[in-house]
Every structure is written in C-alpha cells, then in structure tokens.
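1. Sequence isn't available, so here's the structure alone:
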C-alpha cells in the first residue's frame with residue numbers, strides 16, 4: 001500500500017468528520033515532516049500482527065487502533081515487551097477483547113505493532129494553537145516528567161535556529177541531556193533539528209491544531225518518536 005502524503009492524511013481525516021488522528025496516522029504525518037519515528041505498522045488480523053512481529057523482530061509493542069479510543073492504556077489496549085509470535089497472538093486477542101468490553105461502541109481497525117525502542121532520555125515536543133499568537137511549540141522532559149515536573153519551554157512559530165537552541169537549554173532538566181553524572185550525552189543538534197522541522201511543518205499545514213510527541217527517546221547519535229497524537233482544527237471539518 002502506497003503511503004499517503006501529509007495533505008492526503010489530513011483530507012482523509014477531515015472527510016470522515018474527525019479531528020483526532022489515530023496513532024498510525026499521527027506517526028505517518030510526523031514522519032512526513034522529516035522526523036524519525038519508530039516503525040509502526042497496522043495489523044487487521046492476528047495472523048497479520050504475527051507476520052509484522054517477525055518482520056520487525058522482537059521485542060515489540062502492540063496497541064489498539066481505533067478512532068474512538070483516545071486513552072489506550074485505560075481500555076487495556078496496550079501490551080509492552082512482547083517477546084515472541086505466541087505472545088503477540090495472545091496480545092492481539094486480549095487487546096481486542098478488552099477494548100470491546102470496556103468501549104463497546106468503539107470500531108476496532110486492528111492492532112498496531114511497533115518496534116521496542118532502546119531506552120534513552122525521554123523528551124517531549126508539542127504544539128498548541130493560541131487564540132492570540134497562533135501556533136506555539138513546546139519542549140521539555142518527556143514521559144511522566146512533563147505531567148509531574150512540568151519543566152517545559154515555549155516559542156511562537158515560526159522558529160529560527162537560535163530559538164530551538166535556547167528553548168532546549170532553558171529547561172531546568174537540561175543537565176540530563178548534557179550527560180549528567182556520567183549518563184549518555186544526548187545529541188542536542190538532533191533535537192534542535194526536530195524542533196525546526198516541526199516549526200516549518202506546522203507553518204505549511206494550518207489545519208494542525210495541536211500535537212504531542214511524547215516520548216521522544218533521545219540518544220547520543222539519534223532521536224526517535226515513540227508515541228504521537230495529532231489533533232486538527234475542528235472548524236476545518238466540512
């Protein structure tokens with residue numbers, strides 16, 4: 001199947017009367033911005049999921065794919081650290097059964113199977129639309145830290161390179177990115193590049209109302225988006 005470009009993804013979602021993209025749609029959109037995203041594939045059956053798992057190599061992560069399920073974990077729609085085809089087949093059945101029980105009206109497309117990313121420093125890049133200033137980008141420590149510590153910085157789109165440099169370095173958790181106490185030092189230039197690419201991307205597609213890329217695993221030589229959530233402007237839905 002030929003991958004959709006960004007305009008096609010957005011038009012498809014809006015034509016279906018939706019504002020919230022599925023995880024797969026969100027990741028495909030962010031990948032089109034030139035950002036490294038973990039390999040994530042949609043399986044419409046248990047057999048297809050097992051085939052994908054064998055192609056990607058274990059361990060893998062499986063998640064429910066449904067346009068009605070926003071909080072996957074709450075519905076039992078996520079299985080981590082799957083080590084074999086047998087485990088993946090069981091996970092597929094358990095995920096679908098749990099979501100069908102907890103959210104009976106949800107239409108289930110299948111299950112996404114993605115590679116398990118190696119641990120890294122978790123960061124977040126997000127965007128929201130301010131009523132006065134328009135698109136605003138956010139950067140900070142990711143995972144649970146963004147909710148507990150709220151150590152983030154903001155800049156109004158469009159950003160220049162100096163803006164991306166400053167917003168990364170002004171968070172209190174910056175030492176964690178800079179090799180605190182002998183930990184792996186993150187390649188800051190890669191994070192700067194991600195921020196600038198997303199700033200340019202948002203400028204090209206005003207239909208995007210907000211997004212959260214959380215977590216992004218940052219390494220000494222790379223960074224990869226592990227989870228993504230994108231919302232479009234409701235007023236653009238025809």
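-> It's in. Quantities reported herein were computed from a predicted structural model and do not represent experimental measurements.
2. What is the subsequent helix or strand relative to the lowest-mean-pLDDT helix or strand in the chain?
-> Of all helical and strand segments in the chain, the minimum by mean pLDDT, DSSP states H and E falls on helix 145-148, at a mean of 67. Moving toward the C-terminus from helix 145-148, the next helix or strand (DSSP states H and E) is strand 152-156.
3. Verify the stated contact: residue 220 with residue 190.
-> No. Between residue 220 and residue 190 there is no contact under C-beta atoms under 8 Å: 9.6 Å. C-betas here are computed from N, CA, C, even on glycine.
4. Looking at those two, which is more packed in?
-> residue 190 (18 against 13; other C-beta atoms under 10 Å).
5. Against residue 229, how distant is the more buried one?
-> 22 Å (C-beta to C-beta, to the nearest Å).
6. Repeat that for residue 199.
-> Taking C-beta to C-beta, one finds residue 199 at 18 Å from residue 229.
7. who has more neighbours, these two?
-> Counted by other C-beta under 10 Å, residue 199 and residue 229 do not tie: residue 199 has more neighbours, with 22 against 17.
8. who touches the more buried one in this structure?
-> Residues near residue 199 by C-beta atoms under 8 Å, 6 or more residues apart in numbering: 137, 157-159, 164.
9. Recalculate using a threshold of 6 Å.
-> For residue 199, the contacting residues are 137, 157-159, by C-beta atoms under 6 Å, 6 or more residues apart in numbering.
10. Return a ChimeraX selection command for the buried portion of those.
-> In ChimeraX syntax, the buried subset of the contacts of residue 199 is picked out as below (16 or more other C-beta atoms under 10 Å):
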select :137,157,159
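11. Can you flag which of the contacts of residue 199 belong to helices?
-> Using DSSP state H, no member of the contacts of residue 199 sits in helices.
12. what's the most distant pair in the contacts of residue 199?
-> 137 and 158 (9.4 Å; C-beta to C-beta).
13. What about residue 30, how many residues nearby?
-> 24.
14. chain center to the helix or strand in which residue 189 is found, what's the gap?
-> Element membership for residue 189, per DSSP H and E: helix 188-204. The chain centre lies 15 Å from the centre of helix 188-204; the measure is C-alpha atoms, centre = their mean, to the nearest Å.
15. and if you look at stretch 183-191?
-> In terms of C-alpha atoms, centre = their mean, the centre of stretch 183-191 is found 19 Å from the chain centre.
16. just stretch 155-174 next, same as before
-> 20 Å.
17. One more: stretch 68-75?
-> Using C-alpha atoms, centre = their mean, the offset of stretch 68-75 from its chain centre is 15 Å.
18. May I see the buried residues of that stretch?
-> In stretch 68-75, counting by 16+ other C-beta under 10 Å, buried: 69, 72, 75.
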